[in-house]
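Q: with the input below, show me the fold.
(chains A and B)
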Amino acid sequence: MSNYIPTIGIEVHVELKTNTKIFSSSENGYGQMANSLTNVIDLGYPGTLPTLNEQVIKTAIKAAHVLNCKIRKKQHFDRKNYFYPDNPKNYQITQARSPIGYDGYVEIEIGNNKKKIEIEEIHIEEDTCKSAHRGNVSLLDFNRAGVPLIEIVSRACIESSEEAKLYLEKLRELLYYSNISDCKIEEGSMRCDANVSIRKNIEDKLGTKCEIKNIGSISNVGLAIEKEIERQSKLLDKGETFKEQTRRFDDKQNDTVLMRVKETGNDYRYFPEPDIPYIELSDEIINSSIAELPMLPDERRKIYKERGVSDINITKLIANRSLSDYLNLFLDTKLNFKEASNLLLGDISAYLNKTEKDISNTHLTKEKFIDLVKKVEDNTLTSKNLKDILDDILESDKTIAEIIKEKGISNITDSNMLQDIVLKVILENPDSVKDYKAGKDRAIKYLMGQIMKETKGSANPKLVNQILINELNK
Amino acid sequence: MEDRLTKEEVLHVANLARIEIDDKEIEMYQVKLKKLLDQIELVTKIDDNDSDYLIAPWNNNSEFRKDEVGNMLNPKEVLQNAPRKSGNYIEVPVVISNE
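A: Purely as a prediction, here's the structure:
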């Protein structure tokens, strides 16, 4: 198979996190009884009129802002006409001519390089009802009809499946952190289509494009693109041509499958939606929407890095937004973020996973966490101690000092007592002592371990280390 | 300039509107639709370079609705007008999208 240059564009539909639908006051909800979240507007009854949800506009403004788009101040909606049972009005209300956002970008890091994936436009539209095909019938559920969507259209500037995946991951992270959408691909609140074409040389004109629709996960987007490039390459190698077509990715076959060939262009006969007047965005609504945005992931990464959090912990924190939000409560304190992140991602995460709780549902108040980090930092609590009392710390209103007292946790800081134990361990392990004298540093670790074992983990490790080195150097 | 549309053009429009028309009607629309299109063609000749894209002759702006849940129909009411249903779903003949 020869090498071709792929050109990829990606369209992403994202359901917006609002209380109600875009043009009606029905609830915007998921996973509820079929046809229980609708009214006459969603069902497309004649004589009904759409009313535009303010929150949709505000959320779309936020999306345009975080995706570095220009925001169009005067907009209108258009009707996209087609007959299909998922939309009984026979048209979808969308923004064909005046998308709310345009000319934006998302920056990805590929290897050590940064690349801007350009966004052509973001437009607002309504979702259609959900249809499930069963043999020779389709079953319709209108709960999804009228759920607000934004469609984010990238320029065809993506050059590999890797870039496509990085773009989608970044997009999902940004939209999720901005409270724009919950971005659950498996529930359909984020849906990806990829347009793929290939050509031999960069100066050739773009090849015939194939669209792969509704791919079920970000990793499958990568796979689908690779398979599609492979399929097109084989055809071109054989000197064959093909028509523009729509395909889908079948994860069982691990390949793209033909859905339909586009014989002619679509004939949607767009025209301005006469039921909705112009939308004019004031500076006030634009600024107040943007002001509502929480701190975005890249800024969090930067601050965590500055405060000494390790790279691996930064990645883990960003992947766990509720822990990152919790840590951000301490931005204006002097808290040791490195120690704090170790605690949050270590023992505290283990507890939260075990009990299936969110950190906000524990008794870990701000004051208590500051105290906890300090006590771990100065070795008042060893990691063994911490394991013994963590459940109490998270489940009760008592202070850590009270819990320590109650549980009889003692952290051996009596140096005479420790000295005896250190000497005992040294005498029992002459080989390790020899290793240490020969310059083998790991012998220290082994001896430390033996001492901690003797003290059942209750010795102050800093102190033990000090005494041990003293004794060994004698 | 032709004075009529082709038969295929008329059939395409009929298909978009999901209406069935017979040969006599096709012939009639070949002429009538063409006349209509010619009239619209005149409008497109107006020089509008110095004006904004206009969707309506008025300039009042959309009011927004507050994002608060209002009355909804219960599934029973939703299904009342459905010719066929299955559980809480509206049932229709299977259609494979040709969009």
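
Q: report how many residues lie close to A:Ile318.
A: 17 (other CB atoms under 10 Å in any protein chain shown). Where C-beta positions appear, they are placed from N, C-alpha and C, glycine not excepted.

Q: tell me which element it is part of?
A: Per DSSP states H and E: A:Ile318 is located in helix A:311-319.

Q: just A:Tyr176 next, same as before
A: Using DSSP H and E, A:Tyr176 sits within helix A:161-177.

Q: pull out the buried positions in the helix or strand following the helix holding A:Ile318.
A: Next helix or strand after helix A:311-319 toward the C-terminus (DSSP H and E): helix A:321-328. For helix A:321-328, burial by neighbour count (16 or more other CB atoms under 10 Å in any protein chain shown) applies to A:323-327.

Q: before we move on, the earlier item: the helix or strand following the helix holding A:Tyr176 pairs with which strands?
A: Later in the chain than helix A:161-177, the nearest helix or strand by DSSP H and E is strand A:190-199. When pairing is defined by DSSP bridges, strand A:190-199 lines up against strand A:5-15 (antiparallel), strand A:210-215 (antiparallel).

Q: in chain B, which helix is the longest?
A: helix B:23-44 (DSSP state H).

Q: please name the bridge partners of the residue of the stretch 101-250 of chain A found nearest chain B.
A: Nearest residue of the stretch 101-250 of chain A to chain B: A:Leu139, at 3.8 Å (CB to the nearest CB). Counting by DSSP bridges, A:Leu139 is bridged to A:Ala132, B:Glu91.

Q: what are the boundaries of the helices in the stretch 1-150 of chain A?
A: A:54-66 (DSSP state H, counting those that start in this stretch).

Q: strands along that one, start to end?
A: A:5-15, A:70-71, A:74-75, A:78-81, A:91-94, A:101-110, A:113-126, A:130-134, A:137-141, A:148-154 (DSSP state E, counting those that start in this stretch).

Q: same check, this time on chain B
A: For chain B, the strands defined by DSSP state E occupy B:85-86, B:89-93.

Q: and the pLDDT for the residue positioned nearest the centre of chain A?
A: Nearest to the geometric centre of chain A sits A:Glu173, at 3.7 Å (CA atoms, centre = their mean). Note for A:Glu173: predicted pLDDT of 96.

Q: report how many residues lie close to the closest residue to it other than its chain neighbours.
A: Using CB to CB, 6 or more residues apart in numbering or on different chains and skipping residues adjacent in sequence, the residue nearest A:Glu173 is A:Pro297, 5.3 Å away. Applying other CB under 10 Å, we find 19 residues neighbouring A:Pro297.

Q: would you agree A:Pro297 is in contact with A:Ala319?
A: No. Taking contacts as CB atoms under 8 Å, A:Pro297 lies outside contact range of A:Ala319: 9.8 Å.

Q: next, name the residue at the spatial heart of chain B.
A: B:Ala17 (7.1 Å).

Q: for A:Thr128, see how far away it is.
A: 20 Å (CB to CB, to the nearest Å).

Q: repeat for A:Ala401
A: 60 Å.

Q: what of A:Glu339?
A: For A:Glu339 relative to A:Thr128 (CB to CB), the value is 51 Å.

Q: more neighbours: which of these two?
A: For A:Glu339 and A:Thr128, the more surrounded residue by other CB under 10 Å is A:Thr128, and the numbers stand at 20 against 16.

Q: does the more buried one really touch A:Phe142, like I thought?
A: No. In this structure A:Thr128 lies outside contact range of A:Phe142 using CB under 8 Å: 9.2 Å.
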